[in-house]
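> Curious how this folds, go ahead:
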Amino acid sequence: MPDETETKLVEAAFGGDIESFGKLCRRYYPAMVAVGYSVLGDHQLAEDAAQESFARALIRLKNLKNKTKFVPWLAAICRNVAKDMVTTKARQISTYDLSQAARNNNHDDNSSSIRRAIEQLPDSGKELIVLRYYNGLSYEEIGSVLGISKATINGQLTRAKRKMAKYLKHNGFPENQL
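Residues are numbered from 1 along each chain as shown. Below you'll find the predicted structure:
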């Protein structure tokens, strides 16, 4: 549930106050980068996605029906921007690029294994893992960003961690590191 300050900022931005919208951007930029990262797996691209999301949100602000749902609405925009970026990037990747990336990623097998385990999760699981463990957001903050309850977050995180553990175990990750 949004706090009173957030509601006032959204109302002011809705009324055309660009400074209020800027405050919302600064407040939720890290969370939107995390949402973008959960889809893209690249911090710089995630920052691009977050910035593009704020630009689109500003243009579409009048379409926001429920002003108390600003952050989940913004997260949905960011998710869609990131997915569009993946589609565009997929068209541009050549076989050579893939082999180069594989060679460059071999320097840290554990990080690569964990990243692959995250990548095999459904999108909702990826978002939760990145928001919780890479960005350190609390359940309350995640709930605010994604518009879901703590119980839903807990259940989905538990399932995502189990899937990751199963994937890692199946792919030879040392059990003492799970």
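
> Quick check: the gap between K166 and L74.
33 Å (C-beta to C-beta, to the nearest Å). For glycine as for every other residue, the C-beta is placed from the backbone atoms N, C-alpha and C.

> Neighbour count: those two, which is higher?
Between K166 and L74, counted using other C-beta atoms under 10 Å, the more crowded position is L74 (23 against 13).

> those strands in the protein, which residues are they?
Read by DSSP state E, the chain holds no strands at all.

> Outline the domain layout of the chain.
The record's domain parsing of the chain by automatic domain parsing lists 1-92, 101-178.

> Neighbours of R115, how many?
Neighbours of R115 using other C-beta under 10 Å come to 12.

> ditto for G155
Neighbours around G155, by other C-beta under 10 Å: 12.

> Over to D123?
D123: 12 neighbours (other C-beta under 10 Å).

> That one reaches V39, doesn't it?
Yes. D123 is within contact range of V39, at 6.8 Å (criterion: C-beta atoms under 8 Å).

> So for the two, which residues contact both of them?
R79 (C-beta atoms under 8 Å, 6 or more residues apart in numbering).

> quick one: low-confidence parts of this protein?
1-4, 89-109, 174-178 (pLDDT under 70).

> and the domains of the chain, which is most packed in?
Among those, domain 1-92 has the highest mean neighbour count (mean count of other C-beta atoms under 10 Å), at a mean of 17.

> ranges for the helices of this protein?
4-14, 18-40, 43-60, 70-92, 95-105, 109-119, 123-129, 139-146, 150-170 (DSSP state H).

> Need the contact partners of the first one.
Read it as helix 4-14. So helix 4-14 is contacted by 2, 19-21, 23-24, 27, 61-62, 64, 67-68, 70-71 (C-beta under 8 Å, 6+ apart).

> can you check the shortest one too?
For helix 123-129, the external contacting residues (C-beta under 8 Å, 6+ apart) are 34-35, 38-39, 79, 118-119, 121, 142, 146, 153, 156-157, 159-161, 163-164.

> Likewise for stretch 70-87?
2, 6, 10, 24, 28, 31-32, 35-36, 38-40, 45-46, 48-50, 52-54, 56-57, 60, 64, 66, 123, 127, 144-147.
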